[in-house]
Every structure is written in structure tokens, then in C-alpha cells.
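Engineer: my questions are about this predicted structure, shown below with the sequence.
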Amino acid sequence: MEGAKGVTVRRIETERLVLRRWREEDVAAMAAVNADPEVMRWIGDGAVRDEAATRSAIEAVERAWEHEGFGLFAVEVREGGRFAGFTGLAVPHFLPEVLPAVEIGWRLGREFWGKGYATEAARAALRFGFVDRGLNQILSISQPQNTASERIMAKLGMRLLHETVDPSAGRTARVHGLSRAEYEAGERRTGARG
């Protein structure tokens, strides 16, 4: 598929995962993830989402791919091809004070937690954003109690920029960021160690 700026949007493979565009059969699988109160606890106001809301969100993601040239990838585990959730890039319209900005995010089903999948997928999405799309900065936004996501942000090299209030949910939000220069410096250090 062609994304914005005529760049082909491709599938990304990591050691254990495939990041790809969405398929019809992903709707029910993502709806099951979105229906889990523990998964949704720190997303927006914490409300679960049904299949209709999930379908609408996936359709919006696919429109973003065509308009922005980036979006949220469906994530599947290579071994067995099981759908795990998503990771990728989006414009955080819910937090107008940071715009224009691009945010990296992830949401995996509970059975995929604690295995390093979110970090592995997010690293691939960061590379896609900085290397393939030439972004200058990528943010990640969390609620302070979401320590699992904040650990992933730290592993990605992101640092806390500031705290604010998410007007869409009335909850405290922590804005983390990583510049392309910081990303490239981290890649050089990792390459030197590897």
C-alpha cells in the first residue's frame, strides 16, 4: 500500500513479531482486548470498548495511514500467527496542547504481557517513525499509575517532559519524549556494544 508522500507502507518483522496493516479478522480479536477492564484501566477514562467502537477505531487508523503515512500496526506473534494487539504511531488529538505531535502507543492482550513483546514492537515502530518517516520527535503519553507502560518508555530511551491533565478523561497525563538525535545516539551506543 502507498502511504502519504508516496512511501510504501510495508510489513515489519522483528525477532518474534510481525507488525502489519489491519485485516477484517482483527476486529473481533482487538475487540476482545478492548473489552478487558484490566487492559483498558489506564486508557483514557478506563472505559472498555465494544466491537462497534473497535471497528470504528480501526477504520480511523486505516484512514490515518493513508493521510499521515503512519499509523497503528496490528501486532501478531510470529510463532503461531496469534493476534496480540497493536503498536505504532498516531497524532494525539486527545491532548491538544502537545500538537503538532506524533505519539507512539501500544495495547496488547493480557496473555501477551510480561514477555517483552510491547517493547520489541515499540522499538520497531520507533525505528519506522524516525528512520522511515523522518520524524524529529516522538512522544508517549501515560497516566502516572501505569508503571508498566512507563517502564517500556524508559527502555525506549524516552524521558519525562511534563505532566498535564488529559481533557478527554480528566486524569493526570505524563508526556514523555524522544528526539531523533537522542534516538540516533542511542542506536550508535547500542551498535557499539553489539
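Structural biologist: Ah, there it is.

Engineer: please enumerate the strands of the chain.
Structural biologist: 12-13, 17-20, 72-77, 82-90, 103-108, 137-142, 159-166, 171-179 (DSSP state E).

Engineer: tabulate those (a markdown table), appending mean neighbour count.
Structural biologist: Every residue, glycine included, has its C-beta placed from N, CA and C. Shown next, in a markdown table, are the strands of the chain (neighbours: other Cβ atoms under 10 Å):
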| stretch | mean neighbour count |
| --- | --- |
| strand 12-13 | 16 |
| strand 17-20 | 20 |
| strand 72-77 | 24 |
| strand 82-90 | 23 |
| strand 103-108 | 22 |
| strand 137-142 | 21 |
| strand 159-166 | 13 |
| strand 171-179 | 19 |
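
Engineer: which of the ones you listed sits closest to Ser56?
Structural biologist: With respect to Ser56, and counting by Cβ to Cβ, the nearest of these is strand 72-77 at 13.6 Å.

Engineer: that closest one vs strand 82-90, what angle?
Structural biologist: 150 degrees (axes from the mean of the first three to the mean of the last three Cα atoms, to 10 degrees).

Engineer: I'd like the mean pLDDT over strand 72-77, please.
Structural biologist: The average pLDDT within strand 72-77 is 97.

Engineer: relative to the whole chain's centre, how far out is that strand?
Structural biologist: Centre-to-centre, strand 72-77 and its host chain are 10 Å apart (Cα atoms, centre = their mean, to the nearest Å).
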